[in-house]
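Peer 1: need coordinates for the following:
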Amino acid sequence: MSNGDLNWITNFIWGIADDALRDLYVRGKYRDVILPMMVLRRLDAVLEPTKAEVLSMKANLDKAGITNQDAALRQAAGQAFYNTSLFALRDLRNRSSQAQLKADFEDFLDGFSPNVQEILENFEFRNQIAKLSKADVLGTLIEKFLDSSINLGPKPVLNGDGSARHPGLDNHAMGTIFEELVRQFNEANNEEAGQHWTPRDAVKLMAKLVFQPIADQIQSGTYLLYDGACGTGGMLTVAEETLKQLAEQHGKQVSTHLFGQEINGETYAIAKADLLIKGEGEEADNIVGGPQWSTLTNDAFPSKEFDFMLSNPPYGKSWKSDQERMGGKAGIRDPRFIIEHAGDPEYSLVTRSSDGQMLFLANLISKMKHNTPLGSRIASVHNGSSLFTGDAGSGESNVRRWIIENDWLEAIIALPLNMFYNTGIATYVWVLSNRKPGHRRGKVQLIDATAWSNPLRKNLGKKNCELSDTDIQHILDTFIAFKPSEHSRIYENNEFGYWKVTVDRPLRLSIDLSSAHRDCFRAACADLDEAPLANVVDRVALTAGDGPHRDFNLFMQWVATDAERHGVKLTAKRLKLLQTALAVRVEGAERVVRRIHKPGKVAADPLRGLFPVTIGGKAHVVEYEVDSELRDTETIPFKEPGGVEAFIRREVLPHAPDAWLDDDKTAIGYEISFTRYFYKPQTLRSLETIRADILALERETEGLMADIIGAAR
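Peer 2: Here you go, the predicted model:
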């Protein structure tokens, strides 16, 4: 069947919507009726030749008392679905009343097999029947889908002389019509299209990036394809077509199994119906979805691994409700998101609750094959936040670190702006493989394809451009060439990593024993029933004398000695009270000692807060209290010459000689900045040009002030 014939049928069905539903539904809701009706007519037409066999089998099974009838009825139908109703769609024409038509139509629906029932349930099609019946439209719809002008069945419609009036629609042609209608309905409903449907040009690019680089390595056999946010299933079907075409070009024969999961009921129904319409009943059973099937909380394929995976996960969308069902951020134990990496047995990939797109990527990675020659290849499209959002140690950064340190990231491609239907933001395709070719190992390619597109004659929502076949080939050629250029950058993996280090400085305090401070201290002690501590301070003050800015460390030694002599225990609470009530932060004061190590027990290391001092003529190592108000952090790239220590000695110690690192707080992060790597500085205008512009403006305004003043007079 020619493309012209397919387009004619598509337009005819689109016309049914305009003719029958115009006064009953807003345009954006046509698909709620037309898509399920088209599915029903196609399935009905496919089942017509075996209708009698199915009814006979049903009667025999019932008579024998067999309850598990599904397999036998499928066999009788010769399909992966069946209908046990006494009615076919043709039997419902010319009913005498709307009530009878409604009852018989519902009986017809009830006769379908469970897999079709699930499709109808997620389409919520039964909710439309009362409205269609009341408006006397149900019969009109049935008549139009049975119109002799079109044939939605697999066998040709013949003329009286045996010639074909209408050719039969094979599964592929029927699937093409269905997908084209889905596309048109999505375009007519722009505000929702981008939520469930990735533009075909983007899907074609992703499929090419997954398969083309390893086309000559594909062997005859069976391959599993997966999409964890499959929407209407377009990525899976395009990927399947691409794989089979490439295999055929290389003289190989491949079979595929498609697997998908989708939380939106309607788009799940479309995906499943599309496969049933194409005659891929087993594949339809591998599409799982509906509101209870969130990929994050309810993995439909926990033990499966896949050869190829493509996905466009939701981004900028909260997954807070999923997080709560999983036990809250601290309670998540899903092995897809809490893994072992870098020596950490509970390495967390859990992202902030406002955006879960990186968890969808982690889900894909968890399903990689590691014991096959090709391993697994992934293409996943994300917005810019996946490149850089999240501090070191956050879930987003940990996902990036996990991917890059395992050397799975082949490339990231920046797509043109306004590529998608419901957003104009920047989008990026991530290409991952656990079988990188030798020349790619240890490296990541960044491709700036933002300028490679063609404008649309008419915007589709926010989509105002598309990737032509030439653009797709240009991107693919750049990817495969793997060479630096204006639009291609190649970096070692460690280019994107950094240490986030904590730099501490000592707390410097003096003791103020002036009467005002001591009065406040006595009042605090009275409130806390700490008279023994107040007495200790009074006795020490007699020795030390009143006045401000006393040495804090010496004062604390005196307090400790007096407290021990009088049996007063210096608890942490009491020490805190002394510090807050009597100490004052003074620049240049002595550093507050937190701990004194015995001679020879610890080696001095000032860079890490272990300072050498001499006490009583002996060498000791001391640690100082941290001044939290002076605490700072530094971000140090992995490629920093000399590493962390060299950076601190060069950039920090000249300005703060008493600073040190807290290694326990050092975190590793990864981020990727396209802006930095593809930055093109603007050439500054010369001083001569600027001067000439200023002089020209002055000449233009000469006499203007005089004119204004003259007018005012």
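
Peer 1: give me the contacts around the helix or strand Tyr428 falls within.
Peer 2: Per DSSP states H and E: Tyr428 is located in strand 427-433. The contact list for strand 427-433 (Cβ atoms under 8 Å, 6 or more residues apart in numbering) reads 202, 205-206, 209-210, 361, 364-365, 375-384, 386-387, 403, 408-415, 419-420, 479, 674. Every C-beta, even on glycine, is put in place using the N, C-alpha and C of the backbone.

Peer 1: could you redo the last one with a cut-off of 6 Å?
Peer 2: Applying Cβ atoms under 6 Å, 6 or more residues apart in numbering, the external contacts of strand 427-433 come out as 206, 209, 377-383, 408-415, 419.

Peer 1: now it, how far from the centre of its chain.
Peer 2: Relative to its parent chain, strand 427-433 has a centroid offset of 11 Å by Cα atoms, centre = their mean, to the nearest Å.

Peer 1: what pairs with that strand, and is each one parallel or antiparallel?
Peer 2: In the sheet, strand 427-433 lines up against strand 377-383 (antiparallel), strand 409-414 (antiparallel) (DSSP bridges).

Peer 1: Asn535: which of the ones you listed is closest?
Peer 2: Comparing those by their distance to Asn535 (Cβ to Cβ), the top pick is strand 377-383, with 65.4 Å.

Peer 1: which positions within that closest one qualify as buried?
Peer 2: Residues 377-383 are the ones in strand 377-383 that count as buried (16 or more other Cβ atoms under 10 Å).

Peer 1: which one of the strands paired with strand 427-433 lies nearest to Val586?
Peer 2: Ranking the strands paired with strand 427-433 by proximity to Val586 (Cβ to Cβ) places strand 377-383 first, at 50.0 Å.

Peer 1: where does the chain dip in pLDDT?
Peer 2: 1-4, 158, 160-164, 171-172, 187-197, 421-422, 460-461, 545-549, 703-713 (pLDDT under 70).

Peer 1: closest to the centroid, which residue in it?
Peer 2: Nearest to the mean C-alpha position of the chain, by Cα atoms, centre = their mean, lies Gln357 at 1.4 Å.

Peer 1: and of the buried residues of strand 377-383, the nearest to Asn127?
Peer 2: Nearest member of those to Asn127, counting by Cβ to Cβ, is Val381, at 32.9 Å.

Peer 1: so what pairs up with the closest one in the strands?
Peer 2: With DSSP bridges as the criterion, the beta-bridge partners of Val381 are Val429.

Peer 1: show me what contacts it?
Peer 2: If you count contacts by Cβ under 6 Å, 6+ apart, then Val381 has 312, 427, 429 around it.

Peer 1: need these in CSV (columns: distance to Val559 and neighbour count).
Peer 2: Listed next are those as CSV, based on distance: Cβ to Cβ, whole Å; neighbours: other Cβ atoms under 10 Å:
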residue, distance to Val559, neighbour count
Asn312, 66, 28
Thr427, 64, 24
Val429, 66, 24
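
Peer 1: hang on, the earlier thing: mind putting the strands paired with strand 427-433 in CSV, distance to Ser686 included?
Peer 2: Output for the strands paired with strand 427-433, formatted as CSV (distance: least, Cβ to Cβ, whole Å):
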stretch, distance to Ser686
strand 377-383, 39
strand 409-414, 33
